[in-house]
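Undergrad: no sequence on this one, just coordinates:
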């Protein structure tokens with residue numbers, strides 16, 4: 001007869017079991033909102049987590065007791081997965097896999113520790129797909145909000161430092177909001193549209209070029225130059241060229257072979273979507289430093305309130321970028337706060353110098 005595990009060990013096993021059950025639910029909830037290959041991958045992750053949960057259940061045996069609902073972060077993740085199922089949840093799941101304790105846990109098997117390490121890479125890949133799909137619009141939204149916060153706070157503090165009246169401060173802030181939002185929206189539209197046009201100009205014209213292959217006096221080496229010019233390695237280019245010229249349908253084979261040539265291009269979002277999101281998020285960010293002055297607060301009180309609100313907003317945008325990039329949210333939040341307040345301090349000092357010089 002073996003001695004019963006100590007209470008602390010039983011509590012740890014129950015905690016591990018609850019966390020694995022919660023993690024499996026997260027992946028199943030995410031899978032329910034997806035189709036095709038991504039759904040299969042997420043279901044595979046859920047099965048693996050359930051296998052880990054079974055290990056802890058076997059260790060507990062008759063001491064299973066009240067397992068509970070898992071760590072708070074896992075409950076939050078499960079809630080978000082049920083409600084949203086977005087790339088944000090995958091980024092959080094990636095961080096959860098990164099923090100797996102199994103490598104240093106003697107009660108976990110080496111296979112479980114290896115599983116968790118591989119799960120991290122699988123979730124990283126799924127999150128990367130999601131980031132690629134939203135990269136254009138999300139980038140415009142985040143940078144638009146951040147630019148609105150920093151530029152308009154800096155503008156407002158600059159004119160306050162110069163001794164401007166509250167009315168002048170309010171007019172300056174609203175003008176900066178509108179001018180900046182229009183500029184950001186137009187800039188994003190032109191930038192994304194131009195990028196799409198440049199990429200479109202680089203896509204192989206397989207419809208016309210491939211159709212003349214049967215009539216060309218061309219050998220495999222010459223055709224391989226076409227693929228090499230588009231970034232294909234020499235050996236692979238020769239293989240594709242021989243495949244095309246040796247097939248019964250050279251035009252169709254060339255079209256299929258060309259499909260894989262441009263896989264390295266960056267995924268670009270909609271130009272209109274990027275422009276609209278950039279305009280809206282810049283305006284929403286730029287409105288925050290102005291709001292206290294709109295409500296008629298005394299200038300000093302309005303200035304303090306604006307600084308606090310902008311600081312909170314900067315930390316939120318920084319933390320969001322940190323989560324989605326897989327980095328530490330707090331570090332990104334503090335970095336964003338330091339940059340924003342630093343820029344505002346510079347313009348305030350400039351306003352003080354200008355006001356002193358003209359006063």
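TA: Everything's here; your move. Here the structure is a predicted model, which is why all the values come from computation and not from measurement.
Undergrad: rest of the way, CA atoms for contacts and neighbours
TA: Will do.
Undergrad: what pLDDT does the residue nearest to residue 59 when sequence neighbours are not counted get?
TA: Leaving aside its sequence neighbours, residue 59 sits nearest to residue 13 (C-alpha to C-alpha, 6 or more residues apart in numbering; 7.6 Å). Looking at residue 13, its pLDDT is 90.
Undergrad: likewise residue 91?
TA: pLDDT, read off for residue 91, is 72.
Undergrad: any idea how far it lies from residue 141?
TA: 18 Å (C-alpha to C-alpha, to the nearest Å).
Undergrad: about what we covered before: was I right to think the residue nearest to residue 59 contacts residue 56?
TA: Yes. With contact defined as C-alpha atoms under 8 Å, residue 13 counts as touching residue 56 (5.9 Å).
Undergrad: got the residue ranges for the helices in the protein?
TA: 7-32, 36-60, 72-83, 87-98, 110-161, 166-202, 206-209, 220-229, 234-245, 250-258, 271-287, 291-294, 299-325, 329-358 (DSSP state H).
Undergrad: and the longest one, what does it pack onto?
TA: Pointing back at helix 110-161 there. Judged by 3 or more C-alpha pairs under 8 Å, 6 or more residues apart in numbering; DSSP states H and E, the packing partners of helix 110-161 are helix 36-60, helix 87-98, helix 166-202, helix 271-287, helix 299-325, helix 329-358.
Undergrad: Could you tell me the least trusted of those?
TA: Among the helices and strands packed on helix 110-161, helix 87-98 scores lowest, at a mean of 73.
Undergrad: Can you check what angle separates it from helix 7-32?
TA: Between the axes of helix 87-98 and helix 7-32, defined by axes from the mean of the first three to the mean of the last three C-alpha atoms, to 10 degrees, the angle is 150 degrees.
Undergrad: elements contacting helix 87-98?
TA: Under the contact rule (3+ C-alpha pairs under 8 Å, 6+ apart), helix 87-98 is packed against helix 72-83, helix 110-161, helix 299-325.
Undergrad: Pick the most deeply packed of those.
TA: helix 110-161 (a mean of 21; mean count of other C-alpha atoms under 10 Å).
Undergrad: Excluding chain neighbours, give the residue nearest to residue 340 in space.
TA: In this structure, residue 340 finds its nearest non-sequential neighbour in residue 150, 5.2 Å apart by C-alpha to C-alpha, 6+ apart.
Undergrad: still on that earlier bit, most tightly surrounded among the helices and strands packed on helix 110-161?
TA: Comparing the helices and strands packed on helix 110-161 by mean neighbour count (mean count of other C-alpha under 10 Å), helix 271-287 ranks first with a mean of 25.
Undergrad: Now find how far off-centre it is within its chain.
TA: Chain-centre distance of helix 271-287: 18 Å, with C-alpha atoms, centre = their mean, to the nearest Å.
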